[in-house]
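Chemist: quick one, fold the following:
(one chain, ligands or ions: 3)
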Amino acid sequence: MKVKAAVAHKAGAPLTIETVDLEGPRFGEVLVELKATGVCHTDEFTLSGADPEGLFPAILGHEGAGIVVDVGPGVTTLKKGDHVIPLYTPECRTCEYCLNPKTNLCQAIRSTQGQGLMPDGSSRFSLDGKPVLHYMGTSTFAQYTVVPEIALAKIREDAPFDKVCYIGCGVTTGIGAVIFTAKVEVGSKVVVFGLGGIGLNVIQGARLAGADMIVGVDLNPNREAMARKFGMTHFVNPKEVGGDLVPYLVSLTKGGADYTFECIGNTQVMRQALECAHKGWGTSVIIGVAPAGAEISTRPFQLVTGRNWRGSAFGGARGRTDVPKIVDWYMDGKIDIDSLITHTMPLEKINDAFDLMHRGESIRSVVVY
Ligand code: NAD
Ligand code: DAO
Ligand code: ZN
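Modeler: Ligands and ions are numbered 1, 2, ... in the order given. Have a look, this model is predicted:
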């Protein structure tokens, strides 16, 4: 079928809106009509050329929501008309990783997904007879996409696509890091570094978990108002702290935070986040993706004295199981997504979403098909 899509032909160039060919679903695959997609920093990271694993030409996008229009042979859990959110972290429920409750990193289709291909090693997208690659197994910057059944979460039908698409990445990554990865307890003290599309969701996750003190750290003073709306109790702008940030935060939290979250991708900040975690029990969770080749460091004594350093991908969520629950939290009014979606646009204007992101003017832009 012919499909309108935003194609990334090469790094550093804007996306171009084109009509591409899309083959129907093969064994274990599902054809999805996208209704909305968020534009995330990870799409920008790849498009910019900073992602050493970025492959071109490709159809980017990994934060979508839509409707099943066809299923391939062997598909048993989805049918035409189902509402779905594509998952860049699939959940096959049978691999060694899915069977281990300590991780959400299903490996069933890892190698082909990383090569921009479907599990059988080929692409469903093409342009002028030449293959166009998939991206993160989702490729949501297209009117239609083909996704493996194990990479689709079935969601309730009354959920608005233009809001719940954000659960396909940012919302789940932030809230999940608090609930599923860190398992923050009621009464905890939390410090969140970076109050963008991820950090604001960490803040609302901490509020949901019942944290007493939620400190937000950001260089951009314009982030304070939104973060307070989401549950931040104290704002710290590192530029306004006279002296070192770590002792300042240790003092503010009266000995250190129970949990800290790095939501920037800056290795210096990752160190600060670890070192302001409480001696003896504090846990620091890295969410931000640092530039290729970057390394983290600290004095080992920070760990000897009981601080824990760990990371979280897709919020530790198992997509097919947890994403429908997070959609329920939104529909029940437990979490706010609407305030974070600052801009919407048609596919033809998708490059505006990247411009808004570069200027720091948006939290999340959503393309509505
Ligand atoms: P964003 O750009 O919207 O937010 C980053 C915020 O950090 C901004 O408000 C900025 O002002 C602030 N900031 C930058 N440098 C700072 C510093 N030195 N000190 C304090 N604040 C600083 O980005 P985002 O969309 O929220 O994404 C955050 C990170 O999370 C990115 O690295 C992204 O790639 C990563 N990410 C990770 C996962 C995962 O599963 N682990 C998923 C999605 C995104
Ligand atoms: O299983 O080896 C693996 C890779 C899992 C990918 C997790 C990606 C998380 C961070 C990337 C940012 C996503 C928007
Ligand atoms: Zn698996």
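Chemist: quick check, residue 203 in contact with residue 228.
Modeler: No: contact between residue 203 and residue 228 fails when scored by Cβ atoms under 8 Å: they sit 9.1 Å apart. For glycine as for every other residue, the C-beta is placed from the backbone atoms N, C-alpha and C.
Chemist: domains for this structure, by residue range?
Modeler: With domains defined by automatic domain parsing, the chain comprises 2-168+337-368, 173-313.
Chemist: end-to-end on the last one?
Modeler: The reference is to domain 173-313. 7 Å (Cα to Cα, to the nearest Å).
Chemist: one more: stretch 133-149?
Modeler: 18 Å.
Chemist: distance from that stretch to the middle of the chain?
Modeler: 16 Å (Cα atoms, centre = their mean, to the nearest Å).
Chemist: now swap in stretch 20-38 and tell me
Modeler: Distance, centroid of stretch 20-38 to centroid of chain: 20 Å (Cα atoms, centre = their mean).
Chemist: hmm, that stretch in reach of ligand 1?
Modeler: No: using Cβ under 6 Å from any ligand atom, no contact is recorded between stretch 20-38 and ligand 1, whose separation bottoms out at 9.9 Å.
Chemist: pLDDT on that stretch, on average?
Modeler: The pLDDT scores in stretch 20-38 average 98.
Chemist: which element follows the longest helix belonging to the chain toward the C-terminus?
Modeler: The single longest helix within the chain, with elements called by DSSP state H, is helix 319-331. Once helix 319-331 ends, the next helix or strand along the chain (criterion: DSSP states H and E) is strand 341-345.
Chemist: show residues contacting that following strand.
Modeler: Residues outside strand 341-345 that contact it (Cβ atoms under 8 Å, 6 or more residues apart in numbering) are 38, 162-163, 166, 352-353, 356, 361-368.
Chemist: at 6 Å what do you get?
Modeler: 352, 356, 362, 363, 364, 365, 366, 367, 368 (Cβ atoms under 6 Å, 6 or more residues apart in numbering).
Chemist: again, but for stretch 356-369
Modeler: Taking Cβ under 6 Å, 6+ apart as the rule, stretch 356-369 contacts 34-39, 44, 143, 162, 166, 197, 340-345, 347, 350, 353.
Chemist: return the members of the residues you listed classed as buried.
Modeler: Neighbour counting with 16 or more other Cβ atoms under 10 Å marks 34-39, 44, 143, 162, 166, 197, 340-341, 343, 345, 347, 350, 353 as buried within those.
Chemist: the domains of the chain: which one's closest to residue 321?
Modeler: domain 2-168+337-368 (6.5 Å; Cβ to Cβ).
Chemist: more neighbours: which of residue 203 and residue 228?
Modeler: Between residue 203 and residue 228, counted using other Cβ atoms under 10 Å, residue 203 has the larger neighbour count: 30 against 15.
Chemist: residue 158: neighbour count?
Modeler: As a burial measure, residue 158 scores 8 neighbours (other Cβ under 10 Å).
Chemist: surely residue 11 touches residue 49?
Modeler: Yes: Residue 11 is within contact range of residue 49, at 3.0 Å (criterion: Cβ atoms under 6 Å).
Chemist: so how many other residues sit close to residue 42?
Modeler: If you count neighbours by other Cβ under 10 Å, residue 42 ends up with 20.
Chemist: for the helix or strand where it lies, which positions count as buried?
Modeler: Assigned by DSSP H and E, residue 42 falls within helix 41-48. For helix 41-48, a neighbour-count test (16+ other Cβ under 10 Å) marks 41, 42, 43, 44, 45, 46, 47 as buried.
Chemist: so what does the helix or strand just after that helix touch, helix or strand wise?
Modeler: Remark: after helix 41-48, the chain's next helix or strand is strand 64-71, criterion DSSP H and E. Contact partners of strand 64-71 among helices and strands, from 3 or more Cβ pairs under 6 Å, 6 or more residues apart in numbering; DSSP states H and E: strand 29-39, strand 83-86.
Chemist: tell me who's in contact with the residue in the stretch 151-300 of the chain that ligand 3 sits nearest to.
Modeler: Nearest residue of the stretch 151-300 of the chain to ligand 3 (Cβ to the ion) works out as residue 151 at 10.3 Å. Contact partners of residue 151, counting by Cβ under 6 Å, 6+ apart, are 87, 90, 137.
Chemist: excluding sequence neighbours, find me the nearest residue to the last one.
Modeler: Yep, that's residue 137 we're talking about. Ranked by Cβ to Cβ, 6 or more residues apart in numbering and with sequence neighbours excluded, the top spatial neighbour of residue 137 is residue 113, at 4.2 Å.
Chemist: again, but for the second one
Modeler: Once its chain neighbours are removed from consideration, residue 90 has its nearest residue in residue 151; the separation is 3.9 Å (Cβ to Cβ, 6+ apart).
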